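Undergrad: have a look at this fold, sequence not included:
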Ligand SMILES: [Zn+2]
């Protein structure tokens with residue numbers, strides 16, 4: 001019986017340890033630091049107060065919810081704006097400016113990330129009658145520190161009893177990446193479908209991305225669109241193994257996929273996002289009180305699993321985003 005724990009060498013020079021744990025170690029090596037980055041998505045574009053009366057919609061509500069989540073350990077906020085009157089999603093720069101301003105007024109240094117989904121995905125194409133050319137990304141005209149860049153394919157989305165065809169062209173994804181590169185905005189590439197990993201390699205090949213590549217796996221969205229992914233542990237592990245070198249990854253899970261998917265991300269060396277955009281429940285049958293409650297649980301789990309939580313300045317350093325005090329010119 002072997003008394004030491006050294007691996008058994010096989011004839012080709014590899015070891016059993018390498019065979020069994022090589023893949024896992026590769027995943028751990030992908031992480032450039034041990035600190036855990038927690039993103040909060042306070043409000044999305046689909047559900048409103050009918051889903052959870054505590055879901056923030058007004059700029060002051062979104063700023064307050066961001067502030068509370070930041071106090072619990074969130075270092076990035078993913079922002080969608082809503083129209084003051086209709087509460088429907090809007091890409092109006094003035095509303096986004098108001099939200100950003102209100103967050104900073106609270107002396108909150110959270111990393112600000114705007115969603116570009118409504119500018120770069122062409123919604124309800126059948127109603128439009130034709131696919132328009134995208135010439136403007138209103139949601140990043142004020143140069144937020146980060147912006148989401150959806151890496152997806154066209155498909156039918158079903159929500160609220162309606163089915164709509166949404167179109168995403170590779171040229172639009174390239175346009176989004178190029179605009180963010182020119183403006184010094186760090187993209188959060190949201191991957192909705194495994195085949196779209198090739199689009200990320202394509203963007204890297206075209207020189208449109210800066211390292212480290214920040215990739216977000218969107219799991220559990222197949223409920224709305226069957227070109228999107230369900231959550232399964234095996235799929236998440238396959239996605240992590242397919243990442244380009246110099247990547248960092250984060251995970252978001254929809255509804256009851258949020259807790260298991262984000263917890264597995266921590267175990268695989270990734271980061272996570274929680275919040276009302278993705279999930280309005282704390283557990284089955286119990287609505288979450290606020291975004292802070294979901295962030296606090298994620299932070300607690302991260303700490304129990306041995307992670308330190310990244311502050312916003314640490315998250316900036318990890319992602320290659322300039323410190324907050326650096327001047328950011330608007331509209332260049
Ligand atoms: Zn979003």
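TA: Done, it's in. Remember, it's a predicted structure, so these values are computed and weren't measured experimentally.
Undergrad: for residue 314, what are phi and psi?
TA: Taking degrees, to the nearest 10, you get phi -70, psi -40 for the backbone angles of residue 314.
Undergrad: ditto for residue 196
TA: phi -70, psi -10.
Undergrad: was I right about it contacting residue 151?
TA: Yes. The criterion here is CB atoms under 8 Å, and residue 196 meets it with residue 151 at 4.5 Å. The way it works is simple: take the backbone N, C-alpha and C, and place the C-beta from them, glycine included.
Undergrad: between those two, tell me which one has more neighbours.
TA: residue 151 (26 against 21; other CB atoms under 10 Å).
Undergrad: now do the contacts for that one.
TA: Counting by CB atoms under 8 Å, 6 or more residues apart in numbering, residue 151 makes contact with 173, 189-192, 196, 199-200.
Undergrad: show me which positions of whichever strand or helix holds residue 104 end up buried.
TA: Element membership for residue 104 (DSSP states H and E) is helix 93-105. For helix 93-105, the neighbour count (16 or more other CB atoms under 10 Å) marks 93, 95-100, 102-103 as buried.
Undergrad: just the buried ones from the contacts of residue 151?
TA: Judged by 16+ other CB under 10 Å, buried ones among the contacts of residue 151: 173, 189-192, 196, 199-200.
Undergrad: contacts for the helix holding residue 104, please.
TA: Here helix 93-105 makes contact (CB under 8 Å, 6+ apart) with 59-60, 62-63, 66-67, 77, 79, 81-84, 110, 112, 114, 138-139, 141-142, 144.
Undergrad: okay, and the helix or strand of the chain with the least pLDDT?
TA: The weakest-scoring helix or strand in the chain, judged by mean pLDDT, DSSP states H and E, is helix 16-30 (a mean of 51).
Undergrad: and after it, which helix or strand comes next?
TA: strand 38-41.
Undergrad: just checking, next helix/strand downstream of that following strand?
TA: Strand 38-41 is succeeded, C-terminally, by helix 59-71 (DSSP H and E).
Undergrad: against which helices or strands is that next one packed?
TA: Under the contact criterion of 3 or more CB pairs under 8 Å, 6 or more residues apart in numbering; DSSP states H and E, helix 59-71 touches strand 38-41, strand 76-79, strand 81-82, helix 93-105, helix 291-304.
Undergrad: just the angle between it and helix 93-105, please?
TA: 40 degrees (axes from the mean of the first three to the mean of the last three CA atoms, to 10 degrees).
Undergrad: model confidence over helix 59-71, on average?
TA: Mean pLDDT, computed over helix 59-71, is 98.
Undergrad: now tell me what touches it from outside.
TA: 40, 42-43, 56, 74, 77, 79, 81-82, 84, 95, 98-99, 102-103, 105-106, 108-110, 275-276, 290-292, 295, 312.
Undergrad: separate out the buried members of those.
TA: Listed as buried from the contacts of helix 59-71 are 40, 42-43, 56, 74, 77, 79, 81-82, 95, 98-99, 102-103, 108-110, 275-276, 290-292, 295, 312; burial here means 16+ other CB under 10 Å.
Undergrad: alright, calling it a day.
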